[in-house]
Each structure stands twice: as C-alpha cells, then as structure tokens.
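Peer 1: Compute the structure for the input listed below.
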Amino acid sequence: MKKQKNYQNGAAPVYLRITVAGKRSEITTGRECEPERWNSKTGRMSGSKEDAKSLNAYLDNLQSMVYDAHKSLTEDKLAVTAESLKCKFLGKEEKANTLLQAIKDHNQKMEALVGAEYADGTLKRFEVLERHIELFLQFKYRIADIDIKKIAHEFISDFEFYLRTEKKCANNTAVKHVKNLGKIIRICISNKWIDRDPLFGYKFKTKKVDRAFLSGDELQIITDKQFATQRLSQVRDVFLLCCFTGLAYSDVQRLKLSNIIKGIDGNQWICINRKKTDTRSAIPLLPAAMSILEKYSDNPYCINNDRAIPVASNQKMNEYLREIATLCSINKPLSTHIARHTFATTVTLLNGVPIESVSKMLGHTNIRTTQQYAKVLDIKVSADMALLREKYN
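Peer 2: Purely as a prediction, here's the structure:
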C-alpha cells in the first residue's frame, strides 16, 4: 500500500513492487485498501472478510504472474532486471538499447561540439568506427544492429579480428578502433544500459612505429630546389615553415599575422593555441622560418584573410608533397606531419635543444608524447660520444 504525499484519509492504492539487485520497478494493481486494514509485513489485507479474501487472492495471482515472467526470462537466457520483469509481466517489449544507435547518438553530439570541444578529425574517427561496426554486424551476424547487453568479450575479439583480416587494418589502427569502441561502451555503462564492461581485462597491444623524418641533407635539397610552378613552390614553403617551427597542418593553416609577436628575448616568436589540444605553443622563429614568412608579407590573400601564409587543403598539400618528393629524389612519404617530426628530430634535438624545450614548442601536454618523436639519432650519439672520447684522451 502506498499513500500519496497529500493523503489525508480513506483507502490508499496498492502497488506491485519488483526488486532485483537493489533496483526497483513498480506497477499499479488498480486496487485500494484502508490503511488500518493493511498488513505491511505480509503485503496483504488483514482479516477474513470476503473483501479481504478477494483482494488477497487477486494479489496472489499477480505475484504468481511475476514468478512466471521470471521463469520465462531465465529459460530464454535473457537479462533479469526489475524493468525487464515488469515489461514481461505487462506483455510489453523492453526498450532495447543498441550498439549502433549508441554510436550514432555519440557522433551526433560530438558533431555539434566540433570546433568547441572536439576537432573535426576526432569526429571522423568515430564516423569510421560507425561504418566498421555496421559492416561487421552484417558480415558476422547478418543483422543491422545488436542489443548492447549482448556485447561480450567474444564480440570485441571478433571485431578486432575482422578489422585485421577483412579490413586489412594495421595493428595500431585496429587497436585504436577497439579503444574508440571502448568509449561508447563506457557511455552505455554510465547510462546503466549494461552493468558489466565487456572490455574488462582486454589486452591492447600497440606496436612502436618508426616515425619518418627528413635528414639535414634532404631538408637542404628541398630548400634549394627550383620548381617550375608557383603551386609547388608555395606548398614547399608551407612544408619548410612546419619543419622549422613544428606546427601541425591544422595550426599553420590558421596561423594569423597577429600570432607573430615579439618574444621575451626581443626576437620574433609564434604564439598560438594548438587546435588539437588547445595548449599554448610558443616558438622562437629561426632565420629560415622568418625568411619564408617575409616572402608572403605582402601576399594579397594573406592580407585580406589575416593569414601568415597561404595554405592549400590537407589533401592537396599531401598530394603536392608526393610530387615534390619525386622531383627531389627523396624516397620518403612526404606529408605535413613529417615536417613536425623533422622539427622534433633534425632541427632541434639533433642540435642539442633539450627535450623539455622541444615538448613546450610542440605544444605537448605530456613529455612522453614528445619522446615518441625524439629518436636517438646515430649522428647525435656519435657527437656525444666524441666529447666523452676527448675527455678520456
């Protein structure tokens, strides 16, 4: 029996309450009872009068129906929760929360926050995850979607195997997709759609990747090369600016004239918040970088759009850089990110700049990230050991 908050007198409604693992679900019985005639210990109406017998028989029947619903769920190997029992008792289908819908909802929310909290590239990775899951469900189970409660350790393992075999994903790419799926699963757990983590105990085995970068000689070849078209010359200048500043493509693309300021030492610096992490990056300009920026100081596009240098789309940049690599006989997959690696290795660390300073200029939030770029170069080891050799001599 459940008295309402504004109860004053008279009969009060009787509810059927289902409790599973401390979680409750309630259903109205459509019957009432006088409070003084209700036995809260037995959950029945007291007395031997006909009205008490009739109500108690009705409640006994309801309780029996709940036990039948519980038996049915158990036999069908379905999850037994307070809500699932209630739905089974009422003859309704419990609303299923599905994996693909959870990913779609996440991606819609992320899309609304692109530019504010997320980068466009982050959204694209989850959109790729959505397509992979959609194809995997068709490939493995011949279904369009799956109940999130059916996601188990085996599902995760099969998905990773599918990425490696059917999609030919490299090790680290497959691991990243599984980790992104892990974020969706954690959201489902926080929403109480599932009560266990299918990724618990799952082993992620990433492999160290050798990050390509240009040597000093290769950097000089690109610098000295004369191109027949302004298109390639301009792309080369943007690439070299990234090599001498460590700026990522997204940061050099939005580099404004106002980002170039007089630094603490009286020289010109670039001060910009990184698009990826929103971390402040302060970089003293080397003479090579200064000469490139001065070259475009009177460029109409730069003046009209408040940009330090005209930058093509990332796709075009990488396409033209491959062309530049061929013309310069450099057998490396040139890209805008190789320029960042070159700054971290050839331009700074190789010349004795401490890794803490390199990390700050790159705008990293963790020095461990910088250590991935910081290759221990043979020539640097040779130079360091030469100093030690002189001491011993």
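
Peer 1: residue furthest from the geometric center of this structure?
Peer 2: The C-alpha centroid of the chain is most remote from residue 49, which lies 65.5 Å away (C-alpha atoms, centre = their mean).

Peer 1: can you count the residues close to the closest residue to residue 265 other than its chain neighbours?
Peer 2: Residue nearest to residue 265 in three dimensions, not counting chain neighbours: residue 284, with 7.1 Å by C-beta to C-beta, 6 or more residues apart in numbering. Glycine gets a C-beta too; all of them are placed from N, C-alpha and C. When counting by other C-beta atoms under 10 Å, one arrives at 15 neighbours for residue 284.

Peer 1: Check the spacing between residue 284 and residue 246 real quick.
Peer 2: Per C-beta to C-beta, to the nearest Å, residue 284 is found 11 Å from residue 246.

Peer 1: I'd like the next helix or strand past the helix or strand of the chain with the lowest mean pLDDT.
Peer 2: Least confident helix or strand of the chain, by mean pLDDT, DSSP states H and E, is helix 367-373 with a mean of 74. Under the assignment DSSP states H and E, the closest C-terminal helix or strand after helix 367-373 is helix 378-392.

Peer 1: Can you pull out the residues in contact with that following helix?
Peer 2: 349-350 (C-beta atoms under 8 Å, 6 or more residues apart in numbering).

Peer 1: Now it - C-alpha only, PDB.
Peer 2: The C-alpha coordinates for helix 378-392 follow below in PDB (Å, rounded to 0.1, in the frame of the first residue of the first chain):
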ATOM      1  CA  ASP A 378      73.200   7.800 -34.600                       C
ATOM      2  CA  ILE A 379      74.900  11.000 -35.500                       C
ATOM      3  CA  LYS A 380      73.900  12.600 -32.200                       C
ATOM      4  CA  VAL A 381      75.100   9.500 -30.300                       C
ATOM      5  CA  SER A 382      78.400   9.800 -32.300                       C
ATOM      6  CA  ALA A 383      78.800  13.500 -31.400                       C
ATOM      7  CA  ASP A 384      78.000  12.900 -27.700                       C
ATOM      8  CA  MET A 385      80.500  10.000 -27.500                       C
ATOM      9  CA  ALA A 386      83.100  12.200 -29.300                       C
ATOM     10  CA  LEU A 387      83.000  14.600 -26.400                       C
ATOM     11  CA  LEU A 388      83.400  11.700 -23.900                       C
ATOM     12  CA  ARG A 389      86.300  10.300 -26.000                       C
ATOM     13  CA  GLU A 390      88.100  13.600 -25.800                       C
ATOM     14  CA  LYS A 391      87.800  13.600 -22.000                       C
ATOM     15  CA  TYR A 392      89.300  10.100 -21.800                       C
END
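
Peer 1: gap between that helix and the chain center?
Peer 2: Remark: helix 378-392 is offset 43 Å from the chain centroid, using C-alpha atoms, centre = their mean, to the nearest Å.

Peer 1: which of the residues in it are buried?
Peer 2: Neighbour counts over helix 378-392 (16 or more other C-beta atoms under 10 Å) mark no residue as buried.

Peer 1: for residue 282, helix, strand, or coil?
Peer 2: strand (DSSP: H, G, I helix; E, B strand; the rest coil).

Peer 1: Give me the number of neighbouring residues for it.
Peer 2: Residue 282 has 14 nearby residues by other C-beta under 10 Å.

Peer 1: ok, now residue 355?
Peer 2: 15.

Peer 1: thinking it is in contact with residue 367, fair?
Peer 2: Yes - Residue 355 lies in contact with residue 367 (C-beta atoms under 8 Å); the separation is 6.7 Å.

Peer 1: Residues that sit against both of the two, list them.
Peer 2: Counting by C-beta under 8 Å, 6+ apart, nothing touches both residue 355 and residue 367.

Peer 1: can you list the weak-confidence ranges in the stretch 151-300 of the chain?
Peer 2: 210 (pLDDT under 70).

Peer 1: Repeat the analysis, applying 90 as the threshold.
Peer 2: For the stretch 151-300 of the chain, the stretches flagged by pLDDT under 90 are 191-196, 200-213, 215, 250, 257, 263-266, 273-282, 297.
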